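Visitor: turn this into a model:
(6 chains)
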Protein chains: 6
Amino acid sequence: MFFHVKQTQYKCSPVMPDPLYAKKLQEVLGGQYGEMSVMMQYLFQGFNSRAEKKYKDMLLDIGTEEISHVEMLCTMISQLLDGAPLDQQEEAAKDPLIEAALGGINPQHLIVSGLGAAPTDSTGYPLNSRYMVSSGNLLADFRANLNAESQGRLQVVRLYEQTTDPGVRDMLSFMIARDTMHQNQWLAAIAEIEQQEGVLVPSSFHVELEDQAIAHQFMNYSEGEESSSGSWANGPSPDGRGNLEYVANPKAYGPEPSLRPAPDAMHSRLGMKPTLSNPKGCLEA
Amino acid sequence: MFFHVKQTQYKCSPVMPDPLYAKKLQEVLGGQYGEMSVMMQYLFQGFNSRAEKKYKDMLLDIGTEEISHVEMLCTMISQLLDGAPLDQQEEAAKDPLIEAALGGINPQHLIVSGLGAAPTDSTGYPLNSRYMVSSGNLLADFRANLNAESQGRLQVVRLYEQTTDPGVRDMLSFMIARDTMHQNQWLAAIAEIEQQEGVLVPSSFHVELEDQAIAHQFMNYSEGEESSSGSWANGPSPDGRGNLEYVANPKAYGPEPSLRPAPDAMHSRLGMKPTLSNPKGCLEA
Amino acid sequence: MFFHVKQTQYKCSPVMPDPLYAKKLQEVLGGQYGEMSVMMQYLFQGFNSRAEKKYKDMLLDIGTEEISHVEMLCTMISQLLDGAPLDQQEEAAKDPLIEAALGGINPQHLIVSGLGAAPTDSTGYPLNSRYMVSSGNLLADFRANLNAESQGRLQVVRLYEQTTDPGVRDMLSFMIARDTMHQNQWLAAIAEIEQQEGVLVPSSFHVELEDQAIAHQFMNYSEGEESSSGSWANGPSPDGRGNLEYVANPKAYGPEPSLRPAPDAMHSRLGMKPTLSNPKGCLEA
Amino acid sequence: MFFHVKQTQYKCSPVMPDPLYAKKLQEVLGGQYGEMSVMMQYLFQGFNSRAEKKYKDMLLDIGTEEISHVEMLCTMISQLLDGAPLDQQEEAAKDPLIEAALGGINPQHLIVSGLGAAPTDSTGYPLNSRYMVSSGNLLADFRANLNAESQGRLQVVRLYEQTTDPGVRDMLSFMIARDTMHQNQWLAAIAEIEQQEGVLVPSSFHVELEDQAIAHQFMNYSEGEESSSGSWANGPSPDGRGNLEYVANPKAYGPEPSLRPAPDAMHSRLGMKPTLSNPKGCLEA
Amino acid sequence: MFFHVKQTQYKCSPVMPDPLYAKKLQEVLGGQYGEMSVMMQYLFQGFNSRAEKKYKDMLLDIGTEEISHVEMLCTMISQLLDGAPLDQQEEAAKDPLIEAALGGINPQHLIVSGLGAAPTDSTGYPLNSRYMVSSGNLLADFRANLNAESQGRLQVVRLYEQTTDPGVRDMLSFMIARDTMHQNQWLAAIAEIEQQEGVLVPSSFHVELEDQAIAHQFMNYSEGEESSSGSWANGPSPDGRGNLEYVANPKAYGPEPSLRPAPDAMHSRLGMKPTLSNPKGCLEA
Amino acid sequence: MFFHVKQTQYKCSPVMPDPLYAKKLQEVLGGQYGEMSVMMQYLFQGFNSRAEKKYKDMLLDIGTEEISHVEMLCTMISQLLDGAPLDQQEEAAKDPLIEAALGGINPQHLIVSGLGAAPTDSTGYPLNSRYMVSSGNLLADFRANLNAESQGRLQVVRLYEQTTDPGVRDMLSFMIARDTMHQNQWLAAIAEIEQQEGVLVPSSFHVELEDQAIAHQFMNYSEGEESSSGSWANGPSPDGRGNLEYVANPKAYGPEPSLRPAPDAMHSRLGMKPTLSNPKGCLEA
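Guide: A predicted model of the protein is given here:
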């Protein structure tokens, strides 16, 4: 069960309104790796958790924190939108510069959300729950989480570069620091699990059931062998099961495929004649 | 530029048709972490690559291999669909068991794709390109790739458990082995980059610009302190910059937010009176 | 069955082209509460109606009117797009002002729809049928309709404020007036039904089967009790079944949840060993 | 800022697993009117609120409660999935009845979420944020909320009818009671605002700017006049501005529209000749 | 402007309810090539039409007819759903056969639409307006229309094969006949335009601006030359501009691409050092 | 199986960066008829092909070529983005003209993809696989392909008009020429099949099963008879089965529909009383 307190986790007020930046900032609210995504990703992983209690507790700690980040971003975006030139139509009609500036605002901020944050990304595309990963396998999911915090922090840093407003930068520097912690958190948690069960996800598939011959080969399907000099093509494999090997000219193991013709009822076959049995009967049925 | 050879990378024929399983297998073809997703993810990362040549080459190697996996899965699914009971309507009408079995087939296999594989997941939901990650930052993207191969291999292993067809299992054991290699590949590549620039993404943000105080704190927002015993709450931080710290009772750093009323042109304000200036003039305009 | 006459329901010509405004006006054509949505919502409610004839007739009256509104908006948008600066590339290359103005146009108007209206909203996001509500329960659906007409009229009024073109404003003032009627219509229809069966949807669920104790309590989950002074927290309940009550410190009625570990075949469990029975047998199968 | 406590708001355990019902129950978790939708709808309305404090507080009270409902549904669904017949492949191969039953399970529960709840509806379609309404206008939004609680309670009641599990019914009867309260809440809040500013949304548009003549006419576009006997076609209008009037034979107020031909650069015109000026120059450029 | 009459264009009643078939029939109502798609496609082409009047009139004739087809399918689906076993839960609990049959029904028919047709396809995926094509170029659009009627008739024929209900088959045979007409219609209209301006879309692009050398070459990118024996690889080209030519070993015309490194503000570069100028100043700003 | 060579099919470098044009060019990469769509459409048709070998080979030839086109467009877009004014924030703050220009850039190019091409269209909307058509019926699919190449070439020609960069125009003129070939290719292939089996899709449906009376009638549902003068309303029908006929006043063949009331368990009926049998028993269960 959840509770809310009135204060935000960190202060979130811009020095100046900036509706064009409000549109951009939407990316880390409602985008693929925005706060809404990770909030729901962590909460779902926590609610569905079938593992040791400390994992469920930890997931709900961070998932709950992310709801607070959604709150901060909504509050910031609403204030950035305070400056939207809504009543400058007549000026705009005369001054193409104002009209042009208006063109860069997300129109739904002006028409749909009434100068409020929208649950969408920076192109206005709605958040959807296919962004949220929850597989039930802790190592798999912690990698999804590390990925999300890596893409997310990268985006926030890029957004930091694209404003000079000290109020916005202040909030972003708080969020970047939390993303630092969250990357650390998942790195630590991943290391803990990898020590227990190895680096492969899932670790519990019988090794004899895999096609061992090709489980450590790097296959060169793009002409030129620059890729042979990477760590991925030489030396012991990270999973500790063998040595990585570079295959310069990979061969096909399978035959040329050939599919059976479609049955009559599909009406797909070239040159096919009508074959529905007893058409008159059908009509009479 | 690309070329195709007729043979498939591995053989891909079931012993018996199984249209219910065809529906399931769609998940690893057109699902979030299916072969179509990773194919496009790696190709886009490769095409867009601004890094050293060996990375671009490597990304295109694996991206090209994934197109071959799409081919294998399409071929397999088409054959699994050969057994769809299309002309058993009359039997079905009499035998509720057959009718019930028909209910589990993806209806678009029977109506839309004509017993061919569809570019969708196991619920019939179409692939979309928000699944594909390409940020331009190698470490961020390699983590996205490790995540994809981890979720992907987990799904293939689960699918392996859900069939007993030796032909299907044979192909899956090939794909599981390639996923083993691909997890190894990204683990090796990640290690190579982390050694160069540390574990944080991005590594190039000024540490002084972050809110250092809270960059290594685990905050306990879910009552109960089970989460304090994890590796994420104690000891040196993976980024080597400090020590992880557990904050049992995190406080709010921000004030209670308060937003300005919306301007008149939004028509949002409670109890607001009509204020459009000079309405008659508008009518006459 | 439907028929079309050539005249539009109301005149729909702008005084001047304005491609930036064309992009905005798309919101009330193909947005969540645009004319396409309500058109299909009313038609589906009508086609599916299992109620008294007067309701079906009424729903088809208004659904049919909305098709005419789609026609008007398409006609208006096409004319607003007449002014798109398509052949000003060379000027734009020299004059950043023109280039900037071009940036605000929906690019699909220039590339995809050929200066025609598109079935999308103001961000270019396509209409989808999850916007359309048809539950079979009249009171529920009339509330959906009142909601749609309220959000819709609000958006049209905001758009009215964002243009000064007398031709556009003339058409919008017609549409606002129809939305006035349609809000009146649903308010009247709702009152008629509420009088018959009360205000709860659905009215036909056994009151004893509900958890009566908490059916009229307002629960305060956000610290601070400003919410206690609203009409929702005091006095007789609108459903006439009791009194609204303010619970300042709501308690949890449930236990701490604890889920069973996943079965082996899920390959989710931490530290799990390979357990697929008889792996060799599988290989031999 | 938010906090979590370990107990759930209400108990949420089934007596027996039932994976087919788990699929259905997803509708009120991740569907259009599921708990995830209303949770985000109320939180966004609260975060973005520019109105009196009591409204913001109230919105965050109920939004926070809805997060707890998401938690309950996830916990319930995970337990309903405990009975998924994952290792009955061999039995299924022999017994078409088991195979048929397997066909009705959401395949992503078995492959993707690892027997956990998914953030999708009962067809597996992902939640998306276009479901969530937040316009900044309180009356408009409270109507959206009443609509959501009406559709939502109707769906939960239907789901109650479609199970006999006493554990599931117990939780649903709690949720139905909360929906009773929430319908009451929005009805009360709506009445409070309507008393202040009337029933039209928005109330602040100049009445002279509307096309008064048609603001209270019901227009009969579907042959037959059954619709004339409804409350929407007679008597004083709910907005108090006039009388509702039935127009049996509505006329077109607009002319037959006629659009200008597309400019050359669109390449749309029938029989058009190549006109790109100075093509050679282009080649040489 | 539009009008509705009460009769449907053709009779649309099944002999027996069949909720499993109702799910399938949704494909041609709300699927990619369903009646809702073509209805909106033709209406948008008509509303946006800038061509001769006879084309606009024709497009609105057929677009209006398609609304009537939507009506017929909704009516049929609602009646097929009359037989949904809603109150057989207790029987289902005892009889796995009934439970299995229930699994094949679209759950939203039971929970969301209240036994009414839904605006979705046979997997429950919502209609979206990216299905609808309207480019402003008549020849392009008539080809889109011919494509839609071809895919559509194929799907209806497949559905005809998958039922034995004489009432359903009767309605489908009407719809198949109309699709026959509509294919004829677009074939005739296409021929009319091709005669005027040739077969290429668009016909108005300067032929000198194209890379003539490769405008009639079939390039063999898939090993093996079976494709050389098709009509597409030999003989005069359908556009009358040259001869089709088979290129057995196509060469690359472009160089190996090489992209510039990303600028610092992207934080993408490998091994990059922090470079934000004057970080302290930023903090002080 | 697939292979990649380093060179691109054609050169793809702009003379000057142009981030606004990069946004537009996305349409033919990730839009409905962009290269990603046709690439997957042709590959799926090829992989799923059950027809003569020459068709499968041909489909894979062209599908493989399209992957190379995706590569070219990604390379071009990345270079057009080199000029994005990322570090001009301070200038932008002072110069509204720069700020306005920034507003026209796709924000995800700056935040998400790191100045790389994105798998989306020109509005930022992601590619999805419902764009890709593969029905198993060759004639139907070749018409889908001709449609795609027609819409696609039209869009590329429009984009050609909207730039003056000789490097971009050079690449586009290559792509336009390939689209010329591809239209020719599908026209030739279609003619080949139509000669074998006639022009109707599918050709194999029993003619007696269709409602012959209305299979060649053009029905006039839009008042006014301009449509009577088209080739679609007179003369022998393209399918060779009859004569096209103009029906000026089409009649309804069906009755007024009337649906049965919903069963109690739907809770839809107006004025319905609670009817769940034995509610107490339920509570006790």
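Visitor: report the angle between the longest helix along chain A and helix B:166-197.
Guide: In chain A, assigned by DSSP state H, the helix with the most residues is helix A:166-197. On the basis of axes from the mean of the first three to the mean of the last three C-alpha atoms, to 10 degrees, helix A:166-197 is oriented at 130 degrees to helix B:166-197.
Visitor: can you tell if helix A:166-197 touches chain B?
Guide: Yes. Remark: helix A:166-197 sits within contact range of chain B at A:169, A:173-174, A:176-178, A:180-181, A:183-189, A:191-192, by C-beta under 8 Å from any C-beta of the partner chain. Quick note: C-beta positions are derived from backbone N, CA and C, even for glycine.
Visitor: again with stretch A:242-250
Guide: Yes. Remark: stretch A:242-250 sits within contact range of chain B at A:Leu244, by C-beta under 8 Å from any C-beta.
Visitor: what packs against the longest helix of chain A?
Guide: Contacts defined by 3 or more C-beta pairs under 8 Å, 6 or more residues apart in numbering or on different chains; DSSP states H and E place helix A:166-197 against helix A:53-80, helix A:138-161, strand B:217-219.
Visitor: which one of these lies closest to E:Phe142?
Guide: helix A:138-161 (44.2 Å; C-beta to C-beta).
Visitor: if you count contacts, what does the closest one end up packed against?
Guide: In terms of contacts (3+ C-beta pairs under 8 Å, 6+ apart), helix A:138-161 is packed against helix A:27-30, helix A:35-47, helix A:166-197, helix B:138-161, helix F:107-111.
Visitor: and the gap between the residue lying closest to A:Arg50 once chain neighbours are set aside and chain E?
Guide: If the residues on either side of it in the chain are set aside, A:Arg50 comes closest to C:Leu259, at 4.6 Å by C-beta to C-beta, 6 or more residues apart in numbering or on different chains. Plainly put, C:Leu259 is 24 Å away from chain E if you go by C-beta to the nearest C-beta, to the nearest Å.
Visitor: ok, the spatially closest residue to A:Asn48 that is not a sequence neighbour - contacts?
Guide: Leaving out its chain neighbours, the residue that sits closest to A:Asn48 by C-beta to C-beta, 6+ apart is D:Gly116, at 3.2 Å. If you count contacts by C-beta atoms under 8 Å, 6 or more residues apart in numbering or on different chains, D:Gly116 has them with A:Phe44, A:Phe47, A:Asn48, A:Arg50, A:Ser134, A:Gly136, D:Cys74, D:Ile77, D:Ser78, D:Leu81, D:His109.
Visitor: from memory the second one sits against D:Ile67, does it?
Guide: No. Look at A:Phe47 against D:Ile67 with C-beta atoms under 8 Å: they stay out of range, at 10.3 Å.
Visitor: between the contacts of D:Gly116, which sits nearest B:Lys251?
Guide: Nearest member of those to B:Lys251, counting by C-beta to C-beta, is A:Phe47, at 26.0 Å.
Visitor: follow-up on the earlier one: how about CSV for the helices and strands packed on helix A:138-161, with mean pLDDT and mean neighbour count added?
Guide: Conversion of the helices and strands packed on helix A:138-161 to CSV gives the following (pLDDT from 0 to 100; neighbours: other C-beta atoms under 10 Å in any protein chain shown):
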stretch, mean pLDDT, mean neighbour count
helix A:27-30, 98, 26
helix A:35-47, 98, 26
helix A:166-197, 97, 22
helix B:138-161, 98, 26
helix F:107-111, 97, 25
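Visitor: among those, which is nearest B:Tyr10?
Guide: Per C-beta to C-beta, nearest to B:Tyr10 of the helices and strands packed on helix A:138-161: helix B:138-161, 13.2 Å.
Visitor: okay, that closest one in PDB with CA atoms only?
Guide: Extracted as PDB, the C-alpha positions of helix B:138-161 are listed here (Å, rounded to 0.1, in the frame of the first residue of the first chain):
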ATOM      1  CA  LEU B 138      28.600   2.200 -27.200                       C
ATOM      2  CA  LEU B 139      28.400   1.200 -23.500                       C
ATOM      3  CA  ALA B 140      24.800   2.100 -23.200                       C
ATOM      4  CA  ASP B 141      23.900   0.200 -26.300                       C
ATOM      5  CA  PHE B 142      26.000  -2.900 -25.500                       C
ATOM      6  CA  ARG B 143      24.000  -3.000 -22.200                       C
ATOM      7  CA  ALA B 144      20.800  -2.800 -24.200                       C
ATOM      8  CA  ASN B 145      22.200  -5.700 -26.300                       C
ATOM      9  CA  LEU B 146      23.100  -7.800 -23.300                       C
ATOM     10  CA  ASN B 147      19.700  -7.200 -21.900                       C
ATOM     11  CA  ALA B 148      18.100  -8.200 -25.200                       C
ATOM     12  CA  GLU B 149      20.100 -11.400 -25.400                       C
ATOM     13  CA  SER B 150      19.300 -12.300 -21.800                       C
ATOM     14  CA  GLN B 151      15.600 -11.800 -22.100                       C
ATOM     15  CA  GLY B 152      15.700 -13.500 -25.500                       C
ATOM     16  CA  ARG B 153      17.600 -16.600 -24.400                       C
ATOM     17  CA  LEU B 154      15.300 -16.900 -21.300                       C
ATOM     18  CA  GLN B 155      12.200 -16.900 -23.700                       C
ATOM     19  CA  VAL B 156      13.700 -19.400 -26.000                       C
ATOM     20  CA  VAL B 157      14.600 -21.700 -23.100                       C
ATOM     21  CA  ARG B 158      11.000 -21.400 -21.900                       C
ATOM     22  CA  LEU B 159       9.700 -22.200 -25.300                       C
ATOM     23  CA  TYR B 160      12.000 -25.300 -25.400                       C
ATOM     24  CA  GLU B 161      10.300 -26.500 -22.300                       C
END
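Visitor: export the helices and strands packed on helix A:166-197 to CSV and tack on distance to D:Met58?
Guide: Shown next, in CSV, are those (distance: least, C-beta to C-beta, whole Å):
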stretch, distance to D:Met58
helix A:53-80, 16
helix A:138-161, 32
strand B:217-219, 27
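Visitor: out of these, nearest to D:Thr123?
Guide: Here helix A:138-161 is closest among these (C-beta to C-beta), at 24.1 Å.
Visitor: just want the angle from that closest one to helix B:166-197.
Guide: Going by the same axes, to 10 degrees, helix A:138-161 makes 40 degrees with helix B:166-197.
Visitor: now helix A:138-161 against helix A:53-80, angle please.
Guide: 20 degrees.
Visitor: distance between helix A:138-161 and the chain's centre?
Guide: Between the centre of helix A:138-161 and the centre of its chain there are 8 Å (C-alpha atoms, centre = their mean, to the nearest Å).
Visitor: cool, thanks, talk later.
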